[in-house]
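> Quick one, what's the 3D model for this:
(chains A and B)
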Amino acid sequence: MDMFKTLIIILLSSVFVDNYVLNRFLGICPFLGVSKKINQATGMGVAVTVVMLIATAVTWPIQYLVLNKLGLGYLQNIVFILIIATLVQMLELFLKKFSPALYNGLGVYLPLITTNCAVLGVTINNINDGYNFIQSMVSSLGCGLGFLLAMVLFSGLRSRIDESNIPAPFKGLATTLIAACFISLAFMGFVGVVENIFA
Amino acid sequence: MEKNNNLSVLLNGIIKENPVLVLILGTCPTLATTNTVNGAFGMGIAALCVLLCSNIFISLLRKIIPDSMRIPCYIVIIAGFVTIVKLLIQAFLPSLYATLGVYLDLITVNCIILGRAEMFANKNPVVKSALDGLGMGIGFTLSLCAMATIREVFGAASFAGIAIPFMQDYKIEFFTKAPGGLLVYGLLIALIYVITKGKAPAKTSFSCQGCPNAATCTIETCSKKGENA
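Okay, here's the model as predicted:
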């Protein structure tokens, strides 16, 4: 039961408290770039979640079964980024060949994820935090869902901003960042809630 | 003439094409490490070292690396230098290593470094690429420090860890937290627009220029990259 509680806390805290985009600032590029329309934001969010899960499922065993066994821990960075880049390319080719429908929905976002700092960040963080395999997978799922949630909320906000009259210096990116600030502020309300959910 | 040209390459990165405030690249470390001046300065110098070394190397190898394999090659070169810098910081500056944490690893996927490799180093000779790397690195460090100064002075009433006595009662902790970073960044971009009005190309949207994936990317935002450039 304790194990289950830990998993739930990891999941909820990575969705709400340590939200990758709004609190840790990883994956800001797609967050600002691809959040103009809600369907694009959803597609990107789902694609990131899928890639995070697959990347963690591959990099965790490699870190513990290959790199640590051989004393090559310092190669973590190079190995992980190459694995992620290769995986994403393979996934894209696979989707293109076997599921054109899915490719149109998700595949188009995959090239953008190759060098996404959120994906590399989540795999490295899972190792740094000392999570076991199941905890790592849950944490990746949480981070992906948190990313999706932030993207969808933010695309809603942006469609409202596009229609409003903004002073010239604030047009475009400046307003986008300030709007992101308010969403981030709202998410700070979750601090302290999740840790005490079972207390 | 030649010298002037080199100087303009160097200055270009610091002012006209400042990576953080004009090109809007490398947003992740910009927002994440600027809550203290020390962290921002460390991040800036670490990125500068990686950028300088990778620009020199990629420029040296630009005729050997096949075009279709260039992105993986760049990533390996960059990740190698990031590992070297990370190990050096871990050995000699353990407190900075603890502050920067995972963001040190994430220099690998920093779009400034990949972007400069793609936009500059693979087309230009070694000296120019080195100067471009140096200029971009200094520009990055300066803008990070400027942002960190605002955030630390108002948020923690200190500068580079030294407390400012008369401001102790007026800390606004908001600035050192995550939302404060987004707000300060947004305001700085608006300020740059006001200062350089009519001179600098105004960025109306997030740019894909310099994004290493731009060539293969099919999303609408990215296919418009020609308009922003």
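> contacting residues around the residue nearest to residue A:137 when sequence neighbours are not counted?
Nearest non-adjacent residue to residue A:137, counting by Cβ to Cβ, 6 or more residues apart in numbering or on different chains: residue A:56, 5.9 Å away. For glycine as for every other residue, the C-beta is placed from the backbone atoms N, C-alpha and C. When the contact criterion is Cβ atoms under 8 Å, 6 or more residues apart in numbering or on different chains, the partners of residue A:56 are A:122, A:123, A:126, A:136, A:137, A:139, A:140.
> mind checking how far the closest residue to chain A within chain B is from residue A:173?
Of all residues in chain B, the one sitting closest to chain A is residue B:186 (3.4 Å; Cβ to the nearest Cβ). Distance, residue B:186 to residue A:173, using Cβ to Cβ, to the nearest Å: 8 Å.
> tell me the SS of residue A:140?
helix (DSSP: H, G, I helix; E, B strand; the rest coil).
> Neighbours of it, how many?
27 (other Cβ atoms under 10 Å in any protein chain shown).
> Same check on the one 4 residues further on?
For residue A:144, the number of neighbouring residues by other Cβ under 10 Å comes to 26.
> what's the closest non-adjacent residue to residue A:78?
residue B:79 (4.2 Å).
> wait, the one you found sits on residue A:77?
Yes. At 5.1 Å, residue B:79 counts as touching residue A:77 under the criterion of Cβ atoms under 8 Å.
> out of those two, which sits in the busier spot?
Between residue B:79 and residue A:77, residue B:79 has the larger neighbour count (other Cβ under 10 Å), namely 25 against 22.
> List the buried residues of the one helix or strand that one maps to.
Per DSSP states H and E, residue B:79 falls inside helix B:70-92. Neighbour-count burial for helix B:70-92 flags B:70-75, B:77-83, B:85-86, B:89 (criterion: 16 or more other Cβ atoms under 10 Å in any protein chain shown).
> if we can go back for a sec, any shared contact partners between residue B:79 and residue A:77?
Counting by Cβ under 8 Å, 6+ apart, the residues touching both residue B:79 and residue A:77 are residue B:108.
> contacting residues for the residue of chain A found nearest chain B?
Scanning chain A for the residue nearest chain B gives residue A:177, at 3.4 Å (criterion: Cβ to the nearest Cβ). By Cβ under 8 Å, 6+ apart, the residues touching residue A:177 are A:32, B:182, B:183, B:185, B:186, B:189.
> neighbours around residue 11, how many?
By default, I'm working from chain A. So residue A:11, with other Cβ under 10 Å, has 19 neighbours.
> right idea, wrong chain: chain B
Residues contacting residue B:11 under the criterion other Cβ under 10 Å number 15.
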